[in-house]
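>>> task: produce atomic coordinates for the following.
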Amino acid sequence: LDRSEQNINFFSGHAVHAVNGWLVANLQKGRVPTDEEFEAHMREHWNAGLREFKPVGIPGGEDMEGWLRESTRRSLSMKRMVERIHARGEILVGTEIPNFFLLKEYERRTGKLKKRFVVHAIFDFVALRPDPEKPGHAKLVVYDFKSGPAQSRQKLEKDIQVRTYALFGREKWVGQEFPVPYLSGEKSYVIDDVSVEFIYNAVKQPTNITAWNHEQTRRKIINTFKRIHS
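As a prediction, the model looks like this:
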């Protein structure tokens with residue numbers, strides 16, 4: 001992509017994430033916004049962004065109104081998916097969920113702790129999928145909004161972002177009680193598993209990351225930090 005297309009794609013992605021965060025916040029309160037309200041909020045956020053980030057470059061021969069229409073169309077498809085997620089009983093934890101994760105490196109021969117690495121990560125959208133056969137248990141689902149073209153499951157499962165989400169989610173929450181509402185609720189679910197799923201404008205793409213993948217990811221992240229430090 002050239003610089004102008006990178007600019008508008010970044011800007012569009014930011015707007016898509018924001019309007020879906022607004023949608024999730026409404027669904028948490030038991031209110032389903034109409035498509036008209038959703039489109040109006042998208043335009044409002046888009047225009048506010050233009051005032052804040054101006055100028056935003058676009059490719060020659062294209063116009064900002066056209067980009068807004070296309071971004072709104074994609075966002076409405078995502079809206080349908082999020083509404084279905086909510087309607088089938090998943091508990092919407094929230095969007096832009098921040099967390100700190102601790103990765104530890106040990107001596108291979110002795111098993112002694114060598115280093116600790118603290119990582120700050122933000123998840124686009126987190127939900128709990130209760131297990132109908134095990135009351136009080138759930139799968140934690142890390143959803144990621146993607147405004148670009150859909151990728152195959154095979155390609156996503158090799159992506160370091162996907163693997164990092166899965167690793168951090170598993171280490172942070174599997175086997176733990178997850179309070180609802182997050183951090184403050186009296187009710188809680190024991191997390192049995194973590195899934196990373198992508199919400200595109202037309203499809204929802206799940207992934208399957210194995211325990212072997214987790215260890216590879218852990219080593220890759222630690223080695224990256226060590227290279228940065230050196």
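
>>> where does residue 38 sit: helix, strand or coil?
Using DSSP: H, G, I helix; E, B strand; the rest coil, the secondary structure recorded for residue 38 is helix.

>>> same question, residue 175
coil.

>>> so how far is residue 215 from it?
Note on residue 175: its distance to residue 215, by C-beta to C-beta, to the nearest Å, is 18 Å. From N, CA and C alone the C-beta is placed, and that goes for glycine too.

>>> all strands of the protein, in order?
91-106, 113-130, 137-145, 177-180, 187-199, 204-206 (DSSP state E).

>>> now the angle from the third one to strand 187-199?
What that stands for is strand 137-145. Relative orientation of strand 137-145 and strand 187-199, computed by axes from the mean of the first three to the mean of the last three C-alpha atoms, to 10 degrees: 30 degrees.

>>> ok, strand 137-145: who's next to it in the sheet?
strand 113-130 (antiparallel), strand 187-199 (parallel) (DSSP bridges).

>>> any idea which of those strands is most buried?
Among the strands paired with strand 137-145, strand 187-199 has the highest mean neighbour count (mean count of other C-beta atoms under 10 Å), at a mean of 19.

>>> same question for that one, mean pLDDT?
The average pLDDT within strand 187-199 is 91.

>>> by mean pLDDT, show me the worst of the strands of the chain.
Mean pLDDT per stretch puts strand 204-206 lowest among the strands of the chain, at a mean of 69.

>>> circling back to that earlier point, could you export the strands paired with strand 137-145 as JSON lines, including distance to residue 180?
Supplementary listing: these in JSON lines, determined by distance: least, C-beta to C-beta, whole Å:
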{"stretch": "strand 113-130", "distance to residue 180": "7"}
{"stretch": "strand 187-199", "distance to residue 180": "5"}
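
>>> gap between residue 186 and residue 177?
In terms of C-beta to C-beta, residue 186 sits 11 Å off from residue 177.

>>> the two: which has the busier surroundings?
residue 177 (12 against 7; other C-beta atoms under 10 Å).

>>> does the residue found closest to that one once you drop the neighbours it is linked to in the chain have beta-bridge partners, and which?
Of all residues not flanking residue 177 in the chain, residue 188 sits nearest, at 4.2 Å (C-beta to C-beta, 6 or more residues apart in numbering). Taking DSSP bridges, one obtains residue 179 as the residues bridged to residue 188.

>>> surely residue 188 and residue 176 touch.
No. Applying C-beta atoms under 8 Å, one finds residue 188 not in contact with residue 176, separated by 9.0 Å.
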